[in-house]
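Asker: Here is a sequence together with a model predicted from it:
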Amino acid sequence: LNIEHISVQSLVKDVIPIVEQQANHKGIEIEQYVDTEGYIDGDSARLKQVVINLVTNAINYTPSGGTIKLELKNQKNSFLISVTDSGIGIPKEDVPRIFERFYRVDKARSRNSGGTGLGLAIVKHIVEAHHGTIDVESEYQKGTAFHITLPKKFTKR
Ligand code: ATP
Ligand code: MG
């Protein structure tokens with residue numbers, strides 16, 4: 001990791017132009033809720049890759065006309081970044097496995113997006129390398145939310 005002092009707002013704001021075209025193309029709106037600013041120690045390129053991966057999943061697994069919420073919130077000892085979609089959701093029995101390498105919920109339904117099933121394994125790895133956490137809440141056929149926390153103070157391992 002290339003650890004620098006980075007703005008948490010930029011992690012959210014810089015990702016928007018990268019994913020906007022893909023979202024527009026599918027008629028999906030991305031709403032931003034940024035109510036805080038602060039700095040963390042982290043690898044800016046890797047953390048942007050995390051947010052890009054989560055938003056790309058949200059676009060891929062949300063039907064046209066859906067909405068994606070990208071939020072940044074201040075917590076006591078960490079910042080919270082959430083990506084919430086109104087998409088197809090994840091069946092309860094699959095939720096515990098989605099962070100495994102090559103795991104895809106349903107090959108038939110995911111085929112169109114042409115992924116490999118590595119995205120979330122990489123996301124989890126990067127978040128944990130920053131001493132952060134990642135959680136998922138999902139309701140099948142309703143939508144999914146991924147929550148990432150990144151500590152305000154980074155301690156070297
Ligand atoms: P890639 O390696 O290109 O990212 P992928 O998107 O299939 O491929 P992951 O990002 O690791 O792989 O996601 C794993 C699986 O979890 C997906 O195949 C999909 O079934 C499910 N999934 C991930 N994000 C969502 C989401 N926002 N809504 C519904 N299902 C999701
Ligand atoms: Mg993916």
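Answerer: The structure has been received and is ready for your questions. Ligands and ions are numbered 1, 2, ... in the order given.
Asker: how about stretch 12-30: buried residues?
Answerer: In terms of neighbour count (16 or more other C-beta atoms under 10 Å), stretch 12-30 has its buried residues at Val12, Val15, Val19, Ala23, Ile28, Ile30. The C-beta positions use only the backbone N, C-alpha and C, and glycine is treated the same way.
Asker: quick one, what contacts the closest residue to Lys69 other than its chain neighbours?
Answerer: What sits nearest to Lys69 in space, not counting adjacent residues and going by C-beta to C-beta, 6 or more residues apart in numbering, is Thr84, at 4.3 Å. Thr84 sits next to Ala58, Ile68, Lys69, Glu71, Gly143, Thr144, Ala145, Phe146 when contact means C-beta atoms under 8 Å, 6 or more residues apart in numbering.
Asker: Any part of the host helix or strand of Thr84 near ligand 2?
Answerer: Element membership of Thr84 [criterion: DSSP states H and E] is strand 78-85. No. Using C-beta under 5 Å from the ion, strand 78-85 never reaches ligand 2; the gap is at least 11.7 Å.
Asker: Need the mean per-residue confidence for that strand.
Answerer: The average pLDDT within strand 78-85 is 98.
Asker: Direction included, what does that strand pair against?
Answerer: Strand pairing for strand 78-85, using DSSP bridges, gives strand 67-74 (antiparallel), strand 143-151 (antiparallel).
Asker: To ligand 1, which of those lies closest?
Answerer: Nearest to ligand 1, of all the strands paired with strand 78-85, is strand 143-151, at 4.0 Å by C-beta to the nearest ligand atom.
Asker: how about the residues of this protein near ligand 2?
Answerer: Proximity of the chain to ligand 2, by C-beta under 5 Å from the ion, involves residues Asn57, Gly115, Gly119.
Asker: Would you show me how to pick out the buried ones of the residues you listed in PyMOL?
Answerer: Applying 16+ other C-beta under 10 Å to the residues of the chain next to ligand 2, the buried members can be selected in PyMOL as follows:
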select buried, resi 57+115+119
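Asker: In helices, which of the residues of the chain next to ligand 2 fall?
Answerer: In helices, judged by DSSP state H, the following of these are found: Asn57, Gly119.
Asker: Can you tell me which of the residues of the chain next to ligand 2 comes closest to ligand 2?
Answerer: Of all the residues of the chain next to ligand 2, ligand 2 sits closest to Gly119, with 2.9 Å by C-beta to the ion.
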